[in-house]
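> The amino acid sequence is not available; the structure is as follows:
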């Protein structure tokens with residue numbers, strides 16, 4: 001009976017990913033509350049309470065996005081998991097919502113886990129953690145923290161994350177994946193390069209002042225397009241070209257030169273977030289999902305991550321892109337992929353939620 005119930009729960013989740021972006025299921029109560037942050041300031045938190053809880057807890061950490069805990073895709077995922085009796089916490093991580101790639105992200109991630117542990121669970125074996133995209137890297141890194149090493153989460157789930165920041169950025173320029181001797185081309189999303197420039201332009205010397213470029217990028221990132229257009233109009237041609245090359249992801253000589261300087265001068269900071277440097281030390285039970293059509297991080301990153309971890313389960317699916325379910329694949333292949341997903345998530349649910 002447990003196996004059948006588990007499969008039905010997975011199917012409900014998959015269905016929820018397509019239906020719960022605009023409305024919440026009646027079986028889940030959503031609330032916007034606060035938790036005390038690292039600075040003890042009230043920090044936004046979304047909580048998804050199922051009407052019939054099974055005692056399981058999931059902390060769902062967002063990636064680097066200005067929408068943070070309010071990102072529609074993250075809310076949809078939280079709803080789709082909560083319908084199965086799982087209490088889901090979706091916290092704001094301030095450095096991530098500000099797109100600041102600093103070690104503070106790890107401190108906030110561990111801090112929130114401690115808060116949940118101390119306030120919502122007498123038994124850490126009820127707590128599961130999950131991270132999407134860049135949030136997945138941080139979730140993995142947090143497993144090495146002494147508190148989480150002592151009070152292990154029951155399971156770890158990461159979706160669309162990376163293994164090596166350098167090879168991920170290479171993909172961002174050319175959209176080329178080499179897998180099993182074949183070259184796969186995907187149109188890459190420029191978001192990772194934009195975030196990299198946003199974080200590191202002010203830390204390097206590229207031979208000219210970049211403050212006006214940095215300001216324009218901030219307007220673009222925060223979707224203040226009128227201010228962005230005005231800022232662009234005040235730039236010199238070479239500054240406009242760099243902005244356009246970044247947004248359009250044209251691998252110009254200048255953009256390549258700047259990215260090389262960033263990798264050379266900021267290597268310690270970048271490697272802090274590269275799982276290849278430390279993932280072999282993680283002994284948690286990790287479940288990895290990656291869309292084969294992901295345009296932000298190539299699926300080969302998760303294959304390398306799977307090989308680098310001590311104890312992991314891997315699903316590479318044609319059905320997923322980075323932010324959504326793919327609508328491009330034929331029905332037969334979709335059914336085949338759904339079967340793979342059901343099998344994988346059934347194992348995850350058995351481990352994480354005892355379903």
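Received the coordinates, thanks. The shown structure was predicted, so the numbers you read here are calculated from the model rather than taken from an experiment.
> Domains of this protein: list them as residue ranges, please.
Partitioning the chain according to automatic domain parsing yields domains covering residues 2-164+274-352, 166-176+190-270.
> could you redo these as CSV and give each row mean pLDDT?
Compiled in CSV, those are given as follows (pLDDT from 0 to 100):
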stretch, mean pLDDT
domain 2-164+274-352, 90
domain 166-176+190-270, 92
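> Highest mean neighbour count out of those domains?
Most buried of the domains of the chain, by mean neighbour count (mean count of other C-beta atoms under 10 Å): domain 2-164+274-352, with a mean of 19. Backbone N, C-alpha and C define where each C-beta goes, glycine included.
> Okay, now that domain: how far is its last residue from its first?
The straight-line separation of the ends of domain 2-164+274-352 (C-alpha to C-alpha, to the nearest Å) is 14 Å.
> Format the domains of the chain as TSV; extra columns: distance to residue 182.
As requested, the domains of the chain are exported to TSV (distance: least, C-beta to C-beta, whole Å):
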stretch	distance to residue 182
domain 2-164+274-352	11
domain 166-176+190-270	11
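> which one of those lies closest to residue 183?
Put simply, out of the domains of the chain the one that sits nearest residue 183 is domain 166-176+190-270, at 6.1 Å, with distance taken as C-beta to C-beta.
> what sits up against whichever helix or strand residue 95 is part of?
Following DSSP states H and E, the helix or strand that holds residue 95 is helix 94-97. For helix 94-97, contacts defined as C-beta atoms under 8 Å, 6 or more residues apart in numbering pick out 37, 43, 62-68, 101-102, 104-105, 108, 134-135, 138.
> List the contacts of the closest residue to residue 278 other than its chain neighbours.
If you skip the residues right next to it in sequence, residue 278 has residue 144 as its closest partner in space, 6.4 Å away by C-beta to C-beta, 6 or more residues apart in numbering. Taking C-beta under 8 Å, 6+ apart as the definition of contact, the neighbours of residue 144 are 278, 281, 282.
> The closest residue to the second one other than its chain neighbours: what secondary structure?
Take residue 281 and drop its neighbours on the chain: the residue closest to it by C-beta to C-beta, 6+ apart is residue 144, 5.9 Å away. Using DSSP: H, G, I helix; E, B strand; the rest coil, the secondary structure recorded for residue 144 is coil.
> quick one: the strands in the stretch 251-355 of the chain?
Read by DSSP state E, counting those that start in this stretch, the stretch 251-355 of the chain holds these strands, from start to end of the chain: 286-291, 312-317.
> Turn the ones you listed into CSV, columns for distance to residue 351.
Formatted as CSV, the entries for the strands of the stretch 251-355 of the chain read as follows, by distance: least, C-beta to C-beta, whole Å:
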stretch, distance to residue 351
strand 286-291, 8
strand 312-317, 9
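> that older thread, from residue 96, how far off is the residue nearest to residue 278?
19 Å (C-beta to C-beta, to the nearest Å).
> Mind jotting down where the helices sit in the stretch 251-355 of the chain?
With DSSP state H, counting those that start in this stretch as the definition, the stretch 251-355 of the chain shows helices at residue ranges 253-265, 267-272, 299-308, 331-352.
> Same list, the ones you listed, but as TSV with distance to residue 126 please.
Output for the helices of the stretch 251-355 of the chain, formatted as TSV (distance: least, C-beta to C-beta, whole Å):
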stretch	distance to residue 126
helix 253-265	41
helix 267-272	30
helix 299-308	26
helix 331-352	10
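> Those: which one's closest to residue 215?
When those are ranked by proximity to residue 215 (C-beta to C-beta), helix 253-265 comes first, at 16.6 Å.
> so which helix or strand takes in the nearest residue to residue 251 once chain neighbours are set aside?
Across the structure, with C-beta to C-beta, 6+ apart as the measure, the residue nearest residue 251 apart from its sequence neighbours is residue 173 (4.3 Å). In this structure, residue 173 is located in helix 165-174 according to DSSP H and E.
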